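> Here you go, sequence then predicted model.
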Amino acid sequence: VDNSIKIKVKTTETKVENFSHYFDATGDIETIDEAYISPEINGQITSIKVKEGDWVKKGQLLAKLNSDVIESNIAQLKTQLELAETMFNKQKELWSKQIGSERQFLESKANYESLQNQLKTLNAQYDMTVIKAPISGYVEVIAQKEGEFVTPGMQFMQIVNLDELYISAKISETYLPVIKTGEMVEITFSSFPDIILNEPVYRVGNVINNSNRTFLLQVKVKNKNGMLKPNLLANIRINDYNSE
């Protein structure tokens, strides 16, 4: 044995430490606020006020349908309503002085109220020709063009809001006893190695999928810089065992 050979060694004091085990799951990013917009009535698109990629606020005008017939009917009805209101007020004044018959007063009142209801209905129909954003977000898709005819149920636009997102993963039922709502998980993304999130479990599914024996785990995350997109893959690191 050559005693001149020296080997460097490192020693560590033996002590009790906590041991934790983790497992990884793959999840998909989903939107929380998303709207598929279709018109409430039949009509021809006369103008589209936004373009794909625009950010819109809730209530902002998106498009307008042809409303010429409705506007004409509203104008005509307003004229009739003015006359009906005048006749009603006169009959009301006469009836307060016990002049004329009750029937004339009630007929004028009924006619006036009927026209008011008709005008309210037409105004509601007119409002349906004005398409507004139901949520704030980005205009992702505009499926129709100006001049085209649209009907209720036909997808016209899609708006997505990326401020908050869900990350959903299917977890084996084996881990059901160790995953609880509120427990912290670590989330990373292959596409963005520098982004590391630590978020609580938002929801644990209540049903086991019979075909693959998994349950849903969902995490809600803030998309502060807007880099995360729907359907992007995420890696979720979950703690399933701890021991002293």
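Good, I have the coordinates.
> Going by C-alpha atoms from here, please, whenever you check contacts or count neighbours.
OK.
> Just say helix, strand or coil for Phe88.
helix (DSSP: H, G, I helix; E, B strand; the rest coil).
> Quick check: the gap between it and Ala75.
Separation of Phe88 from Ala75 (C-alpha to C-alpha, to the nearest Å): 20 Å.
> what about those two, which has more around it?
Phe88 (22 against 12; other C-alpha atoms under 10 Å).
> Check what pLDDT the more buried one gets.
The model reports Phe88 with a pLDDT of 89.
> Go ahead and confirm it touches Gln104.
No: the criterion here is C-alpha atoms under 8 Å, and Phe88 misses it with Gln104 at 9.1 Å.
> List the neighbouring strands of the lengthiest strand in the chain plus their orientation.
For the chain, the strand that runs over the most residues, judged by DSSP state E, is strand 19-37. Strand pairing for strand 19-37, determined by DSSP bridges: strand 157-172 (antiparallel), strand 233-243 (antiparallel).
> the helices in this protein, which residues?
Secondary structure of the chain (DSSP state H): helices located at 68-96, 102-128.
> okay, the angle between the shortest one and helix 68-96?
Relative orientation of helix 102-128 and helix 68-96, computed by axes from the mean of the first three to the mean of the last three C-alpha atoms, to 10 degrees: 150 degrees.
> measure the closest residue to Val50 other than its chain neighbours to Glu34 for me?
Residue nearest to Val50 in three dimensions, not counting chain neighbours: Leu62, with 5.9 Å by C-alpha to C-alpha, 6 or more residues apart in numbering. Between Leu62 and Glu34 the computed distance is 15 Å (C-alpha to C-alpha).
> do Glu52 as well
15 Å.
> Settle it for me: which of the two has more neighbours?
Glu34 (18 against 14).
> What about the spatially closest residue to that one that is not a sequence neighbour, how many residues nearby?
Counting by C-alpha to C-alpha, 6+ apart, Glu34 lies nearest to Val160, which is 4.5 Å off, once chain neighbours are set aside. Applying other C-alpha under 10 Å, we find 21 other residues in the vicinity of Val160.
> repeat for Asn231
13.
> what's the answer for the one 4 residues further on, then?
By other C-alpha under 10 Å, the residues close to Asn235 number 18.
> residues of the longest strand of the chain that come out buried?
Applying a neighbour-count criterion of 16 or more other C-alpha atoms under 10 Å, one finds 25-32, 34-35, 37 buried in strand 19-37.
> can I have that strand written out in CSV, keeping just the CAs?
C-alpha atoms of strand 19-37 as CSV (Å, rounded to 0.1, in the frame of the first residue of the first chain):
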residue,chain,number,x,y,z
PHE,A,19,-38.1,13.7,3.7
SER,A,20,-40.6,14.6,1.0
HIS,A,21,-41.6,12.8,-2.1
TYR,A,22,-43.1,14.4,-5.2
PHE,A,23,-44.7,13.1,-8.4
ASP,A,24,-45.3,14.9,-11.7
ALA,A,25,-48.5,15.3,-13.8
THR,A,26,-49.1,17.0,-17.1
GLY,A,27,-51.9,19.5,-17.4
ASP,A,28,-53.5,21.7,-20.1
ILE,A,29,-54.2,25.4,-19.8
GLU,A,30,-57.8,26.4,-20.2
THR,A,31,-59.5,29.8,-20.4
ILE,A,32,-61.9,30.8,-17.5
ASP,A,33,-63.6,33.7,-19.4
GLU,A,34,-64.4,32.8,-23.0
ALA,A,35,-67.4,33.8,-25.0
TYR,A,36,-68.7,32.4,-28.3
ILE,A,37,-71.0,35.2,-29.6
